[in-house]
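**Q** Predicted coordinates and the sequence they were generated for:
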Amino acid sequence: FKQLDSTAARLAGLFTLSKKLDLEYTFDISDKDNTPAFGQYEFPATFSPVTLPDPQRAKQGDLDGAKYEKSRSSGHAVTINYEASQALKIKSISAYRELSFDDANDYDGTGALGFNTERHIDQDQTSQEFQFLGQAGRVNYVTGLYYFNDHADTTNPFTIPTPAPLEIPHHYGVDSTSYAAFGQADVQLNQAWTVTAGARYTTEHKEAFLQAPFAGIDVAPEKSWNNFSPMAALSYAVTSNINTYAKISRGWKAGGFNAEAGTTADAVKPYDEETLTAYETGVKSRWLNDRIQVNLAVFQNNVDDLQVSAWDTSINASRVSNAGKARVTGAELETLFAMTEGLKGFVNYGYLDTEYLDFIDPVSGTQLRDNAKFAYSPRNKFAAGFDYMHDLNMAVLRARVDYAFTDTQYFYYDAYSAAVTASKSYALLNARIALSDIEVGKKGQSMELGLWGKNLTDAEYRLNGIPTSTGGAVNYYGDPRTVGIDAIYNF
């Protein structure tokens, strides 16, 4: 399980065509021939309430359907910068990316045939953006146009015992096209006060299809969504090193269709767009001659029609629906400090308080606001670490130690699925020591040799999981203690 074989390359070039015009081109390619991660079947230890046993990563397992996980991607990007005048710069960003992904996996968690699937995905994306960046007196502004197209086609057969193995064909895809116009301006009222205002208008159209012959589904629904999202901010510079701000903004995510729907009615019914109103205030500061940096932000996000995903064990597929209203309140603290010229440290902390204000279950019509969980939303997150660097003349010694704590979190909103896949709080300790800038060969060529360790305390923790129709779940664990060496050659 989780055997990794990856090859990647990146090419970048900057071309100065004239004093006012330059072009940057990048190309990247990646080829992976891996095997799937190990999903271990776990059954609740208690049912009132539903709880899992303490996390314990299995040392071995047998999954008959976990065979391969392969992908290949490549992308081109061209950025053109043109200085029309001292007060106006024009930028064009063009990109194209294509991806193929193939896997065969096992979602029953046993060595016998229960529910095995394959996915064969072909996807391509094209984007174009024009930006106009300018200055007029005390006003700095950016305005522009954006285009994005994403085409994805997936063949996703699954095999079940009936009692002989039976392959169920399943084919779906979507073509999404988005257009947007945006603008933002900063107005410096005086040396201390700055007002920012902006807006973005987006229209997005999706054409989907789903072919599931055994369920009698052959549909091609489509729909368009439009959105206008403004923002405004006010910042005040207390000193040259302390800046405070307050901000209000709107955000948006288009609706869509459930590609794994079990009925024609569900396949043609779109889930709604999600909208968010965000309030944020904070301070960004530097202290003791820039040796300490402290950033603090507090925020509240009010969400309408929150898009949530659930695993439907009756059809062994995920389903996206909308919660009515939700509120997320939180705070983030980021600190950096330089203790000596070569020794630096950081301490970061994040806090989240999540609440559903209204959530009607799309299937049963039950009010879920008091019992539904927020997915991927741990209440507390904490990270701290140190970086050390020392010049040895023939090389540079670099060392890093970091610690990260993640509180209990859930991966589904419905109580049972959340309970059988829950991730209890865990902490990870990582370290790396390396010799870099080792001169080799001709001028400009160097090497870096490193020794590293991840999860040094061998913590056992769940990353996510998939509920099963048998009452348990196939859960995926984080990697055990892992150590390695690496060599990097720069030329």
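**A** Thanks, I have the structure now.
**Q** Tell me which residue is most central in this structure.
**A** Centroid-nearest residue in the chain, with CA atoms, centre = their mean: Tyr376, separated by 11.0 Å.
**Q** hang on, isn't that residue packed against Phe411?
**A** Yes. At 6.6 Å, Tyr376 counts as touching Phe411 under the criterion of CB atoms under 8 Å. Heads up, the C-betas are built off the backbone N, CA and C, glycines and all.
**Q** ok, the residue nearest to the centre of the chain to Val328 distance?
**A** Here the criterion is CB to CB, to the nearest Å. By it, Tyr376 lies 12 Å from Val328.
**Q** Asp31 now?
**A** The value you get for Asp31 to Val328, if CB to CB is used, is 39 Å.
**Q** of these two, who's got more company?
**A** For Asp31 and Val328, the more surrounded residue by other CB atoms under 10 Å is Val328, and the numbers stand at 18 against 14.
**Q** hang on, that one in a helix?
**A** No. When classified by DSSP: H, G, I helix; E, B strand; the rest coil, Val328 is found to be strand rather than part of a helix.
**Q** What residues are bridge-paired with it?
**A** Here Val328 sits in beta bridges with Asn301, Thr354, as judged by DSSP bridges.
**Q** show me the contacts for it.
**A** Residues in contact with Val328 (CB atoms under 8 Å, 6 or more residues apart in numbering) are Gln300, Asn301, Val303, Leu352, Asp353, Thr354, Glu355, Phe374, Ser377.
**Q** Just the buried ones out of those, please.
**A** For those, a burial check counting by 16 or more other CB atoms under 10 Å picks out Asn301, Val303, Leu352, Thr354, Phe374.
**Q** Now for these: which two are most distant?
**A** Of all pairs drawn from those, the one with the longest distance (CB to CB) is Val303 and Leu352, at 13.1 Å.
**Q** distance of the nearest residue to Thr196 once chain neighbours are set aside from Phe337?
**A** Spatial nearest neighbour of Thr196, chain neighbours left out: Ala233 (4.1 Å); criterion: CB to CB, 6 or more residues apart in numbering. For Ala233, the distance to Phe337 (CB to CB) stands at 28 Å.
**Q** same thing with Ile488?
**A** The gap separating Ile488 from Phe337 is 28 Å, by CB to CB.
**Q** quick one: which of the two has more around it?
**A** In this view Ile488 and Phe337 are compared by other CB under 10 Å, and Phe337 has more residues nearby, 16 against 12.
**Q** for the more buried one, helix, strand, or coil?
**A** When states are read from three-state DSSP, the local structure at Phe337 comes out as strand.
**Q** now do Tyr416
**A** Looking at Tyr416 with three-state DSSP, the answer is helix.
**Q** Counting neighbours, what do you get for the residue nearest to it when sequence neighbours are not counted?
**A** Counting by CB to CB, 6+ apart, Tyr416 lies nearest to Val50, which is 6.0 Å off, once chain neighbours are set aside. Burial of Val50 is recorded as 16 neighbouring residues (other CB under 10 Å).
**Q** would you list every one of the strands in the stretch 151-300 of the chain?
**A** In the stretch 151-300 of the chain, the strands defined using DSSP state E, counting those that start in this stretch lie at 158-161, 165-168, 171-188, 193-212, 217-219, 222-239, 242-253, 274-287, 292-312.
**Q** Including distance to Asp266, could those strands go into JSON lines?
**A** Written out in JSON lines, the entries for those read as follows (distance: least, CB to CB, whole Å):
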{"stretch": "strand 158-161", "distance to Asp266": "18"}
{"stretch": "strand 165-168", "distance to Asp266": "17"}
{"stretch": "strand 171-188", "distance to Asp266": "13"}
{"stretch": "strand 193-212", "distance to Asp266": "10"}
{"stretch": "strand 217-219", "distance to Asp266": "9"}
{"stretch": "strand 222-239", "distance to Asp266": "15"}
{"stretch": "strand 242-253", "distance to Asp266": "20"}
{"stretch": "strand 274-287", "distance to Asp266": "19"}
{"stretch": "strand 292-312", "distance to Asp266": "10"}
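**Q** How about the contacts made by Gly444?
**A** Listed by CB under 8 Å, 6+ apart, the contact set of Gly444 reads Phe491.
**Q** Wasn't it part of a strand?
**A** No. With the criterion set as three-state DSSP, the secondary structure at Gly444 is coil rather than a strand.
**Q** State the distance from it to Ala259.
**A** Counting by CB to CB, the gap between Gly444 and Ala259 amounts to 50 Å.
**Q** ok, now Ile466?
**A** As judged by CB to CB, Ile466 and Ala259 stand 17 Å apart.
**Q** Per-residue pLDDT of the closest residue to Ala199 other than its chain neighbours, please?
**A** Nearest residue to Ala199, sequence neighbours excluded (CB to CB, 6+ apart): Pro230, at 4.4 Å. Each residue has a pLDDT score; the one for Pro230 is 98.
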